[in-house]
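1. fold the stuff below for me.
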Amino acid sequence: MDDALDTSPAAVRRRLTIFDADRAAYGIPEDWQSGMARLVEWSDVDAFAHANHTAFLLWFEAARNLYLESIGIPRHAVDKPGPVMMTLTTRYLKPLAYHDPVFVTARVKSMRRTSFVMEYAAWGKDGCACTCEALLVLMINATGEKVAIPDDVRAAIRALDAPEEQ
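-> Numbers count the residues shown, from 1 in each chain. The predicted structure follows:
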């Protein structure tokens, strides 16, 4: 199967690998392990000719979903645990324009029993353009019941990002 269509955690993990050339081109530090390249599309740009604030949030969502798939949290299912966003804080640092290359990174900063904090960044050719932090709680969507982060998922997060654990 074509790796781009393979949704197994290993295949998704390969697609999120940050290569040395990407680190050099965008100035991405070594402590970021997961990310994806893209272009600022026409639909991302607002009347001021730069990427609208909502575009960054959609890029971070895409990176988050791939990251979660790569550590073994399956795509949305009503009867299975999934992340529910509780808070989101974003800081816009530099504008990006139509067709600018951008590299979007994601990582887990910290974990508790049922929740974790993810950090995101969008990198342009002039460095970091935007940062974001989100608190996510693992829940059964149908019931709202909080569930513990499974041991295998916790181990995968530790192996990638060595987050603070509380």
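
2. next structured bit after the helix or strand containing E61?
-> Per DSSP states H and E, E61 falls inside helix 53-70. Sequence order places strand 81-92 as the next helix or strand after helix 53-70, per DSSP H and E.

3. tell me the helix or strand right after that next one.
-> Taking DSSP H and E, what comes next after strand 81-92 is strand 101-111.

4. just checking, what packs against the helix or strand following that following strand?
-> Remark: after strand 101-111, the chain's next helix or strand is strand 115-124, criterion DSSP H and E. With contacts defined as 3 or more Cβ pairs under 8 Å, 6 or more residues apart in numbering; DSSP states H and E, strand 115-124 has these neighbours: helix 53-70, strand 101-111, strand 127-140. Heads up, the C-betas are built off the backbone N, CA and C, glycines and all.

5. please identify the most buried of those.
-> strand 101-111 (a mean of 21; mean count of other Cβ atoms under 10 Å).

6. circling back: helices and strands around the helix holding E61, which ones?
-> Partner elements for helix 53-70 (3+ Cβ pairs under 8 Å, 6+ apart): helix 9-15, strand 34-39, strand 81-92, strand 101-111, strand 115-124, strand 127-140.
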